[in-house]
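Q: Next one to model:
(4 chains)
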2 protein chains.
Amino acid sequence: MTLDRRKRKILESVIKDYVETAEPVGSRAIVRRHALNVSAATVRNEMADLEEMGYLEQPHTSAGRIPSQKGFRYYVDCMMQSEVLSDEELDLLQKYLQEQAQEWQQVFYSVGQFLSQVTNYASFVILPPVKISQFQYLQLLPIDSGQALVLLVTDVGIIMHRRIDIPEDIQPEDLQAISNLFNRALRGRRLEDIYRSDLQLLREELKDRRRVIDRTLDTVEALLSQTGEEKVFISGALNILREPEFKDLEKIRRILMIFEEDELFKDVIPQEVSNTVDICIGRENESEEMQEMSVVFAGYHTGREMGRVGVIGPMRMEYWKAAGTVESVRIIMEAFLRDNMR
Amino acid sequence: MTLDRRKRKILESVIKDYVETAEPVGSRAIVRRHALNVSAATVRNEMADLEEMGYLEQPHTSAGRIPSQKGFRYYVDCMMQSEVLSDEELDLLQKYLQEQAQEWQQVFYSVGQFLSQVTNYASFVILPPVKISQFQYLQLLPIDSGQALVLLVTDVGIIMHRRIDIPEDIQPEDLQAISNLFNRALRGRRLEDIYRSDLQLLREELKDRRRVIDRTLDTVEALLSQTGEEKVFISGALNILREPEFKDLEKIRRILMIFEEDELFKDVIPQEVSNTVDICIGRENESEEMQEMSVVFAGYHTGREMGRVGVIGPMRMEYWKAAGTVESVRIIMEAFLRDNMR
DNA sequence: GTTAGCACTCTCTTTTATTGAGTGCTAAAC
DNA sequence: GTTTAGCACTCAATAAAAGAGAGTGCTAAC
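A: Numbering: from 1, shown residues only, chains lettered A, B, ... in the order given. This is a model prediction of the structure:
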């Protein structure tokens, strides 16, 4: 499992060159471009060894070598040095964040934009599901004669709303009373608990009361029913069109469709995330369609919840750059959320 | 400018076959597939005429003919019979609308989904800019100690909100008083007028009053500053990957990037829209990137505002189907908005 | 253990033939 | 005058053949 110094150097050279050129790398090219003090023939012997060990493979007999999935894995595990963000990139990220600091969701969007711009891969930011946060506040507001707004605010300041019809004769005080009713019953409860049980109880309790209460209950239920979903921001998905290994339009279409459909996409990214950068290479991905792609990602905390952030690119990926960028972004984003939001 | 019966029949045959197969159409194929009571030689002569007149063109000498842009234009203007939605399609549209009827914006999204699914082209729905609608209602709501929500509701029920910091000691009644202040001053005014002038006046008038008022003014201004944008829903953009004429990945990327960026996209669709279906074929489009695509669109009314809806596909498009579908959708959507919303 | 040398392999590119769909033109038929 | 059969001709697309070149694996010498 452990390789000697020279083999490692050669493996690294193959990876670097292949990532850059997308072409198989030959022995001569390696001695020329990387200061190996040996001849091409020696490199050839070493490469033959590396192939036998499974770290390299040959598209056909008379071609150079390309790194195998196992080769990338070894590199990532045992040799890679993450490349940290440059000062310019840090400035850029700060600018992105500054500009869009007002709205909670905008922060994630900006981070995604930054990630895809800096890495040239598709980036994603998956927000923690809303259902874990707490009910803080419900307010019924009259908007028009016969219409009211049901407004629901969570402890992290997420706001949901929907309009309902109400009888014309109802007074603002009544609406306020109903709001208070809900607030007394639900304040501080987790949304998922409310959805699962509290709402039922409340419904029992309030049976045969006013129509508006029923409507409100229904509306709250409808609003909560969506809180299980995790919002996804994807940027730079079209970058894969630039990768020379993707020529098959039907394959591209399938991948882009996953990027388009949040529900599909979420299943592509592993659920269990740690706080450190994790990497799935090629067939390590569970998803059928992602067998030729790699995912570099990390979990991030927003208070007690956890979201996921990362990039997706071809297996022939600049892992060092991607890993460093994702890691930096994770840290800066966490800090930003802690300091500027709520 | 006017073609005799037989020439029209032949032009139509070429268009139908070419749209279906994406291959140049030969004289023999025409007599075989369409019940022309003449020989291939006759058709050849007619086709030569049509080519000379500019309605057909030949990729190379020994190929069949394909319709030129002018040919499509003639067909669309003088021969086309729009194909109305089938009963199943109408049912499907109803289902889409029923399911998503709750939220104003969802309606447009559903309509877009339907359009792209039925036509297999990319669809778009451009919403009228919010700024034309009227200020109905502003409410300051305390959420947390030191935080309040500024809530702005328009006459068509669009809701905008943002959180602001407020002094801890401020009372709910104060917030209500400030809300009332704004409401008295702004109710019924158009958002764009408020943004352009009223807000300035109000600022003068309220100078040196409480900090919260200032904050609120700033927030309202910030909210209104975005109301000039027209929201765009696009569906089925990836359908273009299926069209055989699009093989060049760089070209595809440029087109998809336009679909991704609302600001770019809006410029691709003509501004002046009537209430009937309009068609831009190939180079009739102003946009550089859309020279090989066609747009079938119509304007729709939502009260006094006007939005745009339509589909985008290759020049080799089923115009009859697209035009009929867009027209039906426009009518049904207008009716639905009128009856179910507000 | 390392390296020069060389035969060998296999893709990629270029060249050459072959095929076939489709045209345009001419002359005869209607 | 219009239509049609017939035929030579054109040109892309496909297939087959030839050539070039990058790179390997192996052998033998250092």
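Q: what packs against the one helix or strand A:Lys95 maps to?
A: Taking DSSP states H and E as the criterion, A:Lys95 maps to helix A:87-99. Judged by 3 or more CB pairs under 8 Å, 6 or more residues apart in numbering or on different chains; DSSP states H and E, helix A:87-99 is in contact with helix A:104-119, helix A:319-340. (Glycine included, C-beta is placed from N, CA and C.)
Q: rerun at 7 Å
A: Other elements packing on helix A:87-99 under the criterion 3 or more CB pairs under 7 Å, 6 or more residues apart in numbering or on different chains; DSSP states H and E are helix A:104-119.
Q: Run the angle between the following helix or strand past the helix it packs on and helix A:319-340 for me.
A: Proceeding N to C from helix A:104-119, the next assigned helix or strand is strand A:122-126, under DSSP H and E. Going by axes from the mean of the first three to the mean of the last three CA atoms, to 10 degrees, strand A:122-126 is angled at 40 degrees with respect to helix A:319-340.
Q: near chain B, which residues of chain A show up?
A: A:102, A:136-137, A:139, A:141, A:143, A:149, A:153, A:157, A:159, A:161-163, A:238, A:241, A:249, A:252-253, A:256-257, A:260 (CB under 7 Å from any CB of the partner chain).
Q: Among those, name the ones in strands.
A: Among the residues of chain A next to chain B, the residues falling in strands (DSSP state E) are A:136-137, A:139, A:141, A:143, A:149, A:153, A:159, A:161-163.
Q: Please, where are all the helices along chain A?
A: Taking DSSP state H as the test, the helices found in chain A are A:5-21, A:27-33, A:40-53, A:69-74, A:87-99, A:104-119, A:172-186, A:191-193, A:199-205, A:211-225, A:249-260, A:262-266, A:319-340.
Q: Mark out where each domain of chain A begins and ends.
A: A:5-79, A:87-128+A:230-340, A:133-225 (automatic domain parsing).
Q: From the opening residue of the second one to its closing one, how far?
A: Read that as domain A:87-128+A:230-340. Distance across domain A:87-128+A:230-340, first residue to last, is 22 Å (CA to CA, to the nearest Å).
Q: ditto for stretch A:266-278
A: OK, stretch A:266-278 end separation, CA to CA: 16 Å.
Q: contacts for stretch A:17-26?
A: A:14, A:29, A:33, A:59, A:63-67, A:244-245, A:316-318 (CB atoms under 7 Å, 6 or more residues apart in numbering or on different chains).
Q: same thing but 6 Å
A: A:14, A:59, A:63-67, A:244, A:316, A:318 (CB atoms under 6 Å, 6 or more residues apart in numbering or on different chains).
Q: Out of the residues of chain A next to chain B, which end up buried?
A: A:136-137, A:139, A:141, A:143, A:149, A:153, A:157, A:159, A:161-163, A:238, A:241, A:249, A:252, A:256 (16 or more other CB atoms under 10 Å in any protein chain shown).
Q: can you tell me how far A:Ser82 sits from DNA strand C?
A: Taking CB to the nearest atom of the strand, to the nearest Å as the measure, A:Ser82 falls 31 Å from DNA strand C.
Q: let me fix that: A:Leu127
A: For A:Leu127, the distance to DNA strand C - CB to the nearest atom of the strand - is 43 Å.
Q: quick one: buried residues of stretch A:6-26?
A: By neighbour count with 16+ other CB under 10 Å, stretch A:6-26 contains the buried residues A:7-19, A:24-26.
Q: If you could redo that for stretch A:30-48, that was the one I meant.
A: Buried-residue list, stretch A:30-48, by 16+ other CB under 10 Å: A:30-31, A:36, A:40, A:43-44, A:46-47.
Q: Any residue of that stretch touching DNA strand C?
A: Yes - shown here: stretch A:30-48 in contact with DNA strand C (CB under 7 Å from any atom of the strand) through A:37-42, A:45.
Q: got those as TSV, with pLDDT columns?
A: Formatted as TSV, the residues of stretch A:30-48 next to DNA strand C follow (pLDDT from 0 to 100):
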residue	pLDDT
A:Asn37	85
A:Val38	91
A:Ser39	91
A:Ala40	92
A:Ala41	94
A:Thr42	95
A:Asn45	95
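Q: any low-confidence regions in the stretch 151-300 of chain A?
A: Within the stretch 151-300 of chain A, the ranges that satisfy pLDDT under 70 run A:208-209.
Q: Would you pull up the residue in the stretch 1-150 of chain A closest to DNA strand C?
A: With CB to the nearest atom of the strand, the shortest gap between the stretch 1-150 of chain A and DNA strand C falls at A:Ser62, namely 2.7 Å.
Q: burial of that residue, as a residue count?
A: 8 (other CB atoms under 10 Å in any protein chain shown).
Q: same deal with the one 4 residues further on?
A: By other CB under 10 Å, 20 other residues sit near A:Ile66.
Q: Pretty sure A:Gly236 sits against A:Leu115.
A: No - under the criterion of CB atoms under 6 Å, A:Gly236 is not in contact with A:Leu115, lying 7.8 Å apart.
Q: neighbour-wise, which of those two wins?
A: More crowded of A:Gly236 and A:Leu115, by other CB under 10 Å: A:Leu115, with 29 against 23.
Q: Around DNA strand C, pick out the residues from chain A.
A: Checking chain A against DNA strand C by CB under 7 Å from any atom of the strand, the hits are A:37-42, A:45, A:59-63.
Q: Serialize those residues to a markdown table and add fields for distance to A:Glu83.
A: What follows is the residues of chain A next to DNA strand C, written out as a markdown table (distance: CB to CB, whole Å):
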| residue | distance to A:Glu83 |
| --- | --- |
| A:Asn37 | 26 |
| A:Val38 | 27 |
| A:Ser39 | 31 |
| A:Ala40 | 29 |
| A:Ala41 | 33 |
| A:Thr42 | 29 |
| A:Asn45 | 31 |
| A:Pro59 | 28 |
| A:His60 | 33 |
| A:Thr61 | 35 |
| A:Ser62 | 34 |
| A:Ala63 | 29 |
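Q: Show me the two of those that sit farthest apart.
A: A:Asn37 and A:His60 (29.7 Å; CB to CB).
Q: Just give me the neighbour total for the closest residue in space to A:Gln58 that isn't next to it in sequence.
A: Nearest non-adjacent residue to A:Gln58, counting by CB to CB, 6 or more residues apart in numbering or on different chains: A:Arg65, 5.6 Å away. A:Arg65: 26 surrounding residues under other CB under 10 Å.
Q: try A:Glu57
A: 16.
Q: same question, the one 4 residues further on
A: Each residue near A:Thr61 was counted by other CB under 10 Å, and the total is 5.
Q: what's the answer for A:Gln58, then?
A: Neighbour number of A:Gln58 under other CB under 10 Å is 15.
Q: wait, which of the buried residues of stretch A:6-26 is closest to DNA strand D?
A: Distances from DNA strand D to the buried residues of stretch A:6-26, taken by CB to the nearest atom of the strand, are shortest for A:Gly26, at 3.0 Å.
Q: and that closest one, what are its phi and psi?
A: Dihedral pair for A:Gly26: phi -100, psi 170, per degrees, to the nearest 10.
Q: now do A:Pro244
A: phi -60, psi -20.
Q: Show the pLDDT at the closest residue to it other than its chain neighbours.
A: Distances taken as CB to CB, 6+ apart place A:Ala22 nearest to A:Pro244, at 4.7 Å, with adjacent residues excluded. For A:Ala22, the pLDDT comes out at 95.
Q: ok, now how distant is A:Ala22 from A:Pro59?
A: 12 Å (CB to CB, to the nearest Å).
Q: A:Leu241 contacts B:Lys251, doesn't it?
A: No - here A:Leu241 lies out of contact with B:Lys251, judged by CB under 6 Å, at a distance of 10.0 Å.
Q: Stretch A:202-219: which residues count as buried?
A: So for stretch A:202-219, counting by 16+ other CB under 10 Å, buried means A:202, A:206, A:212-213, A:215-217, A:219.
Q: Relative to A:Leu141, how far out is A:Ile166?
A: Taken as CB to CB, the span from A:Ile166 to A:Leu141 is 11 Å.
Q: Good, we can wrap up now.
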